[in-house]
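Colleague: Have a look at this prediction, sequence included:
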Amino acid sequence: MILQCCSFVIKNKPDVIIVDESIKIHEIVYQLFVQKVDHFNLLDDRTFYQRFVVNAKYWNGTGPVFFIISGEQNMEVSSVNSCQYTIWAQQLNALIVSLEHRYYGGSNVMEDLSTDNLKYLTTQQALADCVVFIDWFTNIYYHVPPTSKVISFGGSYAGTLSAYLAMKYPSKISFSIASSAPLNPVVNFYQYMEVIQKSILLLKDGEKCLNNIKFANNKIIEMVRDPILNYNITKLFGLCSNIENENDLSTFMFEIANVWGTAAQYGNLVPGYISLDSLCNIMVDDSKEPLDNYIYIWYGMKNSDECNDVSYPTMIANFKYSEIDHLNTRNELFNMTRQWLFQCCTEFGFFITSDSYDQPFTNFNLNFQRHICTEVFGKLVSPSTSWTLIEYSGISPNYNSVRNVLFVSSTNDPWSSLSISHSNQYKIVIVENGTHCSDMIPINEVSVPDVARAQNEIFQYILEALN
């Protein structure tokens, strides 16, 4: 399964932790809500089926409603029986409901994902979906008493939506938890790799690890640019084809960096998943050359006997695929990345680059990332980050608009630079040495020590909101 507590498309996410083993998988089923395609055109009466799931086991008829916002991924039925909020629901007799994001999973708005058909994939439409659904769910479907408060939860992009929902529709949301929420839209997101470097430097032998990463990256570039040694890279990394040009090289180098990004973002969340510490322990092994250690890590994270197709044309072809995979015959990652890329190319940016000197990776600059948008969507698509800032205020919202929002950020999260994490003006909880959405995962043997304190602090905020 995909980790359901937290969103944001990245490869090799860890498995979900089921909180209540007494609930059988068949007891929670997908249900359908008839949603409008366009909430802002009164003359457009088209609708689509939006999926939702409910866990009413703990609800006593008067408790709060925990509204779980599903982000840019397929919504699993386990989304209402996983994550820390399920534990809190048990304690507070809460009703849990999760709504799938339009265009993702089985909530198909149009017959395909062609560029023109993606025009209703916006945060404004997604927030309106939430409001209309909450109104129907609480007043008609479950007849929730008016004394019961609605609390929204979301992690990563879904955390952003959770904050926006409380900001824009305070009459519908009593309190909002926004975990690891990137609220500051930026086109060049070079800070992502900077945080990874800072996290590495906190480790034992972190500086040596960092230097070996740089050495290995430089060695790869040197070999790729050598007509004789280029083929060696193909063999060493098990690539399906040679690196033919700069776009191929950028695609390959981004894939390598993504291995480290995955570990930085999701390490120390659940048992059995690789962390930066584990990768650096391999990189500082003096019995092998840095490049050999790099290759060992590459194969360990890829976990496949097939060749690795990291060519630029293949990446573009995967992004261009616009058919809806109703039978789920393709890799789940491919069924969500086109939609998320569209959102980045139109609203957020979030283009992770190697443009900063304060990080160890190379050869995927902003021009490369922006060119992908044009290649995939066939237009001069450019993120309207200035409008997104005007609409939602970034990391400096008016206090009155977010007085019922709790922002949770983790110091080692690569997305933390775009989150609200340093201010006396807002309600903020910081997880020291935590990674992406650390606070949303139930305590387990690999959790960093500060998660327990942070979760207790969040729970106290929830109790205050309910009282």
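Modeller: Sure, I can see it.
Colleague: Which stretches in the stretch 251-400 of the chain count as helices?
Modeller: Ranges of helices in the stretch 251-400 of the chain, per DSSP state H, counting those that start in this stretch, are 276-283, 290-302, 312-320, 334-343, 366-377, 385-392.
Colleague: Which residues does the second one contact?
Modeller: Just to be clear, that refers to helix 290-302. Surrounding helix 290-302, the residues in contact under the criterion Cβ atoms under 8 Å, 6 or more residues apart in numbering are 12, 212-213, 215-216, 219-220, 236-238, 256, 259, 262-263, 274, 279, 282-283, 285, 288, 308. To be clear about C-beta, it is placed using only N, CA and C from the backbone, and glycine gets the same treatment.
Colleague: Just the buried subset of those residues, written out for PyMOL, thanks.
Modeller: A single PyMOL command selects the buried members of the contacts of helix 290-302 (16 or more other Cβ atoms under 10 Å):
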select buried, resi 212+213+215+216+219+220+236+237+256+259+262+263+274+279+282+283+308
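Colleague: low-scoring pLDDT stretches of the stretch 201-350 of the chain, where are they?
Modeller: Low-confidence segments of the stretch 201-350 of the chain, defined by pLDDT under 70: 303, 327-335.
Colleague: Repeat the analysis, applying 80 as the threshold.
Modeller: Applying pLDDT under 80 to the stretch 201-350 of the chain picks out residues 272, 302-305, 325-335.
Colleague: same deal with the stretch 351-467 of the chain?
Modeller: 379-382, 423-424.
Colleague: What segments of it are strands?
Modeller: Using DSSP state E, counting those that start in this stretch, the strands found in the stretch 351-467 of the chain span residues 405-410, 427-431.
Colleague: ditto for the stretch 51-200 of the chain
Modeller: Assigned strands in the stretch 51-200 of the chain, in chain order: 65-69, 95-99, 150-155, 175-179, 186-189 (criterion: DSSP E, counting those that start in this stretch).
Colleague: Tell me which residues are up against the fourth one.
Modeller: What that stands for is strand 175-179. Residues outside strand 175-179 that contact it (Cβ under 8 Å, 6+ apart) are 6, 85, 149, 151-156, 159-160, 162-163, 165-166, 404-408, 437, 439-440, 458, 461-462, 465-466.
Colleague: any idea of the mean pLDDT for stretch 129-145?
Modeller: The predicted model assigns stretch 129-145 a mean pLDDT of 97.
Colleague: hmm, back to that, quick check on the contacts of strand 175-179: which are buried?
Modeller: Buried members of those, scored by 16+ other Cβ under 10 Å, are 6, 85, 149, 151-156, 159-160, 162-163, 165-166, 404-408, 437, 439-440, 458, 461-462, 465.
Colleague: Ramachandran angles for residue 412?
Modeller: Torsion angles at residue 412 (phi, psi; degrees, to the nearest 10) stand at phi -100, psi 10.
Colleague: residues in contact with the residue nearest to it when sequence neighbours are not counted?
Modeller: Excluding its sequence neighbours, the residue lying closest to residue 412 (Cβ to Cβ, 6 or more residues apart in numbering) is residue 199, at 4.5 Å. Taking Cβ under 8 Å, 6+ apart, we find residue 199 in contact with 264, 276, 412.
Colleague: Generate a ChimeraX selection restricted to the buried subset of those.
Modeller: ChimeraX command restricting the contacts of residue 199 to the buried ones, with burial defined by 16+ other Cβ under 10 Å:
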select :264,276,412
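Colleague: okay, the contacts of residue 199 in TSV with distance to residue 360 next?
Modeller: Converted to TSV, the contacts of residue 199 look like this (distance: Cβ to Cβ, whole Å):
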residue	distance to residue 360
264	12
276	12
412	16
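Colleague: Tell me which of the strands of the stretch 351-467 of the chain lies nearest to residue 346.
Modeller: Nearest to residue 346 among the strands of the stretch 351-467 of the chain is strand 405-410 (24.6 Å), distances taken as Cβ to Cβ.
Colleague: Which neighbours in the sheet does the closest one have, and how are they oriented?
Modeller: Strand 405-410 sits in its sheet next to strand 175-179 (parallel), strand 427-431 (parallel), going by DSSP bridges.
Colleague: Most tightly packed of those?
Modeller: The highest average neighbour count among the strands paired with strand 405-410, using mean count of other Cβ atoms under 10 Å, belongs to strand 175-179 at a mean of 29.
Colleague: Relative to the whole chain's centre, how far out is that one?
Modeller: 15 Å (Cα atoms, centre = their mean, to the nearest Å).
Colleague: now the angle from it to strand 65-69?
Modeller: Interaxial angle, strand 175-179 versus strand 65-69 (axes from the mean of the first three to the mean of the last three Cα atoms, to 10 degrees): 30 degrees.
Colleague: Format the CA atom coordinates belonging to strand 175-179 as PDB.
Modeller: C-alpha atoms of strand 175-179 as PDB (Å, rounded to 0.1, in the frame of the first residue of the first chain):
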ATOM      1  CA  PHE A 175     -10.100  23.500  13.500                       C
ATOM      2  CA  SER A 176      -7.500  22.400  11.000                       C
ATOM      3  CA  ILE A 177      -4.300  20.500  11.300                       C
ATOM      4  CA  ALA A 178      -1.800  21.200   8.500                       C
ATOM      5  CA  SER A 179       1.100  18.900   8.700                       C
END
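Colleague: Renumber starting at 6 from here on
Modeller: With the count now opening at 6, the last piece we talked about shows up as strand 180-184.
Colleague: and the angle from it to strand 155-160?
Modeller: Here strand 180-184 runs at an angle of 0 degrees relative to strand 155-160 (the same axes, to 10 degrees).
Colleague: Tell me which of the strands of the stretch 56-205 of the chain sits nearest to residue 229.
Modeller: strand 191-194 (24.2 Å).
Colleague: Now do that closest one: everything it contacts.
Modeller: Contacts for strand 191-194 (Cβ under 8 Å, 6+ apart): 354-358, 360, 371, 375, 388, 390, 423.
Colleague: Equivalent analysis for stretch 388-397, please.
Modeller: Outside stretch 388-397, the residues touching it (Cβ under 8 Å, 6+ apart) are 128-129, 169, 172, 188-192, 349-354, 399.
Colleague: Now the buried members of these.
Modeller: Buried among the contacts of stretch 388-397 (16+ other Cβ under 10 Å): 128, 169, 172, 188-192, 349-354, 399.
Colleague: taking those as a set, which two sit the farthest apart in space?
Modeller: Among these, the pair separated by the greatest distance (Cβ to Cβ) is 172 and 350, at 23.9 Å.
Colleague: So which residues of the stretch 56-205 of the chain form helices?
Modeller: For the stretch 56-205 of the chain, the helices defined by DSSP H, counting those that start in this stretch occupy 89-97, 128-141, 162-173, 196-206.
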